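Enquirer: sharing a model prediction with you, sequence too.
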Amino acid sequence: MWTLPLLLLAVTILLSIPMSKYFAWIMDGRYRAPRVLAWFEERLNTGQQNWKQYVIAMMAFTAVLFTYGYVVLCLQPIAPLNPLGRSILAPSLIFNTVISFLTNTNLQHYSGDQHLSNFSQIFFILPNMFLSASIGFCALSAIIRAFRGEATVGNFFVDMWRVVAYIYVPAALIIGAIFIHEGMPMTYQSEQTVTTLEPASMGVDDHGAAKPQNIIVGPVAAVIPIKMLGTNGGGFYGMNSAVPLENPTAVSNFVTTFAMMIFPFSLVLMFGRMLGRIRHSVVIYCVMLAMMVGLIWWTINWDTLRPNPAFTGTSVERSYQIADATAPGGHRAVVLPAVASLPVDQSLGNLEGKELRFGTSAGAVFAAVTTDVTCGAVNGEMDSLNPTASLSPFIGMWLNCVFGGKGVGMINLLLFLIIGVFLAGQMVGRSPEYLGRKVGAREMKLAVIALLVHPFLILGPSGLFAATGWGTGAESNPGAHGFSQIVYQFSSASANNGSAFDGLGVTYGFNNNPNPAPEAVPLDIATGLVMLFSRYLPIIAPIAMAFFLGRKKVAPASLGTMRDDTITFGVLLLGTIIIIGALLFLPVAALGPLAEHFGPIPFGG
Amino acid sequence: MLRSLKVSLLLMAFAVVITCGIYPAILWAFGQTFYPFQSNGSIVNGPDGKPVGSLLVAQPFTKDEYFWPRPSAANYDGTASASSALAASNYGLRDRVARTIAPVATYAGGPKKGQLVASDVDIWFDADRYGGKPGIVAQWADAHNSLAQAWVTGDAAHGAYVDAWSKTHPDLVAAYVKANPGTPQPKASDLAVTFFEHFSKDHPGMFPSAVTQKDASGKAATAIQPVKSGSDIETTFFLSWREDHPNVQLQNVPGDYVTASGSGLDPDITLENAEFQLDRVAGKWAQDLKRSPAQLRQEIQAMLQKQAFSPGDGLFGEPIVNVLQINLALRNRYGAPS
């Protein structure tokens, strides 16, 4: 039960130490590349850039990647490697999918096994996964260089090349080899057809012949390593890492979970190494770790150690007094009737939507980790988590800095940190400082703008969709849970996470689909826009902030300086994150998961 | 800016060459050379030497001689993985699980300990009283509109039966339209609740179900008719029966016997689940082979023990059994089921 999360954390922490050393070594350019690779690197090197040039290069490349993705997805019907004849996706779905993969979100309004050819999997999914993951990594590197007070922040193209060629590709090859060994398919074919062992158990066709079972295969073992390492999370199959061909064994599940954790863990330490302030980064690391341990514990406690409340029942009826001005006495009684239990052995916890081969607590651990590190892969159905357990993925996405995505998680934490030192400065009556530099009005403005983008883009659209048919027409579960489904979709889009409460009707599918989900188009467009804004604003504003902060004079530390490498500082940081997070999101949590938990189960008929 | 765009294009080109060309090609060569079985989907052959399934993808089994996999929200379709996406608060989850339990539910205590509940559901249904009030079917349809509608849309024959009924009851259809002016031309599914309310009045203690009969010429024909008992009633109304008998002790069924997996393709069941099914499996093989059930039970039990494995060698979880693998072993050892 607890072996899996403990072993995972131990291995990841241990390996993040040498990994962070390697990252810093690469990003500081202290390596000598083999001649072939160096040739490519020289072609890309346009010289040192200041922060504006760096951002412009980033946006220019984003435009190229966006156009490339659009073209490739549109080519699907005429491109090779498409023996199953997959046709073109609906326009709104292409828009959503291109942005989704460009922004490292991988929110999937389609199902990979039903809607994509191997051509699209290789030429659309793969490069997007490598490149979008690298953009966050590069942004963090630029911020670190700005903090160091350097006038130039490196070269975007060289940084991209370093991350892709020297970090992601070698790591993905190693992980991919392990996955193949564990049973993941790696072929350019699309489908295997088998006759079932029990004849005609799949049913018979119109001519009375037994139907075969068709099984989708493909270059799965190439997609999944980078899907996890890059905290992308977009599955080859519709049900992502729950599908046995995408996650065959307990070992592959362990490696899968490890692979999404290792980069976000290492990047925090890389921050400290490159700044020369290891102790400071260790404090940040411990704050993040404390939050992650708490969230993993919460999910296991409420999902693996408790039964699914759908089957347990309550033996006595419950009665509540609710304030109601129109009722006599100002109160109205609400009675929840007794519910009969069903005879189900739930000693293994909530098994609805879980796979058995990963181990007892694996579904809960994965649900917590995938939202903490904004990966968004799932190895079970999030919709079927126990209501209280589902708070954990919500919290992971709302805070968005429990290690967070590669680079961006650390960047988000820096925003909380700046606000934390500002609050602390106000409390003791000193002007706030970070890294020995005074935090001024301009830096505060940029930090707050970047921080507020996230709740604004979650709560605004969630409210709009919950109030209109756009959202209610897509809900698949009743009552508070239906509301949770809408909030989850926008939280996932804004956190660039990509997991979902899958019941929500979001799939248009192929352009010629006669029966698309009724509200697929507004959801495609709205989540697409949310992903785009929530990705780039919180990257660009912090780069600017880091530049303005970095060019200030360093004041020598004195007795009154607040040290940033102590436990006190860690507690301050943790407190800031929890208080700001709770202020922003507690009301919506009360309306969603908490209301479902305390309300009647089952809800209605 | 222009320079940035030019270099961006160059970076894009390099990236495509590496990540779409070289990188997957290396893994493909590695996989096809060293692990061709895994790389092509873990396909195993049946007794006739033809591919019979993937060890990683659940396939349906319905015969009593075989172990059954977990319920699948994807109908075991290897091209469209799916979970149920049912929340704990969704009545649909409770209903689905109750229907799965119904045929195997047994008493855990009392004078009937060990006996199946199903026949008592029939007797209770025949009395036609739920919650102390008459009309089980009408109450059921009233409380669970979506289930009543699902019955109508779930089978073409059901829809036709309701259509035929609505033609003979124009007054009720007119009353429905009056109450629902937004639906001037109600479809069969719209009329589901009205239909069941009146069915319950006309046929107390009965439920429409498919009945196969031989007609005058000796040909078998299936038609929907009101019936008093049978598996349709036992599964559909097990949950209502349970709600009327909340304190009766029932034997627990294994969790994974009734819950759908995340992918709909989970190839394994727990060893506990397999042992829960063992009596049925061994009994049926004994019938087929005309051998002693106790002896077969022992043999199959030994096969289960041999095949069972634990996630992470027992570090992470409870013992499980691969359904296709054990059924293939049964098929190879005992031949084709009758």
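Expert: In hand now; what should we look at?

Enquirer: what does the domain assignment say about chain B?
Expert: Using automatic domain parsing, the domain ranges for chain B come out as B:2-40, B:45-84+B:260-334, B:91-244.

Enquirer: just name the most buried of the ones you listed.
Expert: Among these, domain B:45-84+B:260-334 has the highest mean neighbour count (mean count of other C-beta atoms under 10 Å in any protein chain shown), at a mean of 20. To be clear about C-beta, it is placed using only N, CA and C from the backbone, and glycine gets the same treatment.

Enquirer: follow-up on the earlier one: how about the domains of chain B in JSON lines, adding distance to A:Ala151 and mean pLDDT?
Expert: Output for those, formatted as JSON lines (distance: least, C-beta to C-beta, whole Å; pLDDT from 0 to 100):
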{"stretch": "domain B:2-40", "distance to A:Ala151": "19", "mean pLDDT": "96"}
{"stretch": "domain B:45-84+B:260-334", "distance to A:Ala151": "51", "mean pLDDT": "95"}
{"stretch": "domain B:91-244", "distance to A:Ala151": "60", "mean pLDDT": "91"}
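
Enquirer: out of these, the one nearest chain A is which?
Expert: The closest of the domains of chain B to chain A is domain B:45-84+B:260-334. By C-beta to the nearest C-beta, the value is 2.7 Å.

Enquirer: burial of the one residue in the stretch 301-450 of chain A that gets nearest to chain B, as a residue count?
Expert: Nearest to chain B, among the residues of the stretch 301-450 of chain A, is A:Gly359, at 2.7 Å (C-beta to the nearest C-beta). When neighbours are counted by other C-beta atoms under 10 Å in any protein chain shown, A:Gly359 registers 25.

Enquirer: do the one 10 residues further on as well
Expert: Number of residues near A:Val369 (other C-beta under 10 Å) recorded here: 29.

Enquirer: is it true that it touches A:Met260?
Expert: Yes: A:Val369 lies in contact with A:Met260 (C-beta atoms under 8 Å); the separation is 6.6 Å.

Enquirer: who's in contact with the residue of the stretch 501-605 of chain A found nearest chain B?
Expert: For the stretch 501-605 of chain A and chain B, the shortest gap (C-beta to the nearest C-beta) falls at A:Gly503, measuring 3.4 Å. Taking C-beta atoms under 8 Å, 6 or more residues apart in numbering or on different chains, we find A:Gly503 in contact with A:Asp383, A:Glu475, A:Ser476, A:Asn477, A:Gln485, B:Ala85, B:Leu86, B:Ala87.

Enquirer: touching, the first one and A:Gly482? I think so.
Expert: Spelled out, that is A:Asp383. No: counting by C-beta under 8 Å, A:Asp383 does not reach A:Gly482; the two are 10.5 Å apart.

Enquirer: joint contacts of those two?
Expert: Counting by C-beta under 8 Å, 6+ apart, the shared contacts of A:Asp383 and A:Gly482 are A:Ser476.

Enquirer: tell me where chain A has strands.
Expert: Using DSSP state E, the strands of chain A run over A:191-194, A:213-216, A:318-323, A:331-336, A:344-345, A:433-434, A:437-438.

Enquirer: buried sites along the first one?
Expert: It stands for strand A:191-194. For strand A:191-194, burial by neighbour count (16 or more other C-beta atoms under 10 Å in any protein chain shown) applies to A:Gln192, A:Val194.

Enquirer: just checking: what are the partner strands of that strand?
Expert: strand A:213-216 (antiparallel) (DSSP bridges).

Enquirer: what of the last one?
Expert: Based on DSSP bridges, the strands next to strand A:437-438 in the sheet, each with its direction, are strand A:433-434 (antiparallel).

Enquirer: how about the contacts made by A:Ala362?
Expert: Counting by C-beta under 8 Å, 6+ apart, A:Ala362 touches A:Leu4, A:Ala250, A:Asn253, A:Thr257, A:Glu355, A:Asn379, B:Pro311, B:Phe316, B:Gly317.

Enquirer: which residues touch A:Val378?
Expert: Residues in contact with A:Val378 (C-beta under 8 Å, 6+ apart) are A:Gly233, A:Gly235, A:Met239, A:Asn240, A:Ser241, A:Ala242, A:Phe366, A:Ala367, A:Thr370, A:Ser499, B:Gly262.

Enquirer: out of those, which one sits closest to A:Ile395?
Expert: A:Ala367 (11.4 Å; C-beta to C-beta).

Enquirer: coming back round to it: in helices, which of the contacts of A:Ala362 appear?
Expert: Under the assignment DSSP state H, the contacts of A:Ala362 contribute A:Leu4, A:Ala250, A:Asn253, A:Thr257 to helices.

Enquirer: closest to A:Val153 out of the residues you listed?
Expert: Nearest to A:Val153 among those, with distances taken as C-beta to C-beta, is A:Thr257, at 33.2 Å.

Enquirer: I figured the closest one was touching A:Ala367, is that so?
Expert: No: under the criterion of C-beta under 8 Å, A:Thr257 makes no contact with A:Ala367, lying 10.7 Å away.

Enquirer: excluding its backbone neighbours, what's nearest the residue of the stretch 301-450 of chain A closest to chain B?
Expert: Closest residue in space to A:Gly359, ignoring its immediate chain neighbours: B:Phe316 at 2.7 Å, by C-beta to C-beta, 6 or more residues apart in numbering or on different chains.

Enquirer: same deal with B:Gly312?
Expert: Nearest residue to B:Gly312 in three dimensions, chain neighbours excluded: A:Ala250, at 4.2 Å (C-beta to C-beta, 6+ apart).

Enquirer: for that neighbour, grab the count of nearby residues.
Expert: Counted with other C-beta under 10 Å, residues neighbouring A:Ala250 total 25.

Enquirer: now the one 10 residues further on
Expert: Using other C-beta under 10 Å, A:Met260 has 29 other residues around it.

Enquirer: contacts only, for it.
Expert: Neighbouring residues of A:Met260 by C-beta under 8 Å, 6+ apart: A:Met228, A:Leu229, A:Thr231, A:Gly233, A:Val369, A:Thr370, A:Val373, A:Cys375, A:Ala377.

Enquirer: before we move on, what about A:Gly238?
Expert: A:Gln108, A:Ser111, A:Gly112, A:Asp113, A:Gln114, B:Ala80, B:Ser81, B:Ala82.

Enquirer: what lies in contact with stretch B:281-289?
Expert: Counting by C-beta under 8 Å, 6+ apart, stretch B:281-289 makes contact with B:63-67, B:291-293, B:296-297, B:300, B:330, B:334, B:337-338, all of which sit outside it.

Enquirer: first-to-last residue distance for stretch A:73-86?
Expert: Using C-alpha to C-alpha, to the nearest Å, one end of stretch A:73-86 lies 11 Å from the other.

Enquirer: quick one: mean pLDDT over that stretch.
Expert: Averaging pLDDT along stretch A:73-86 gives 95.
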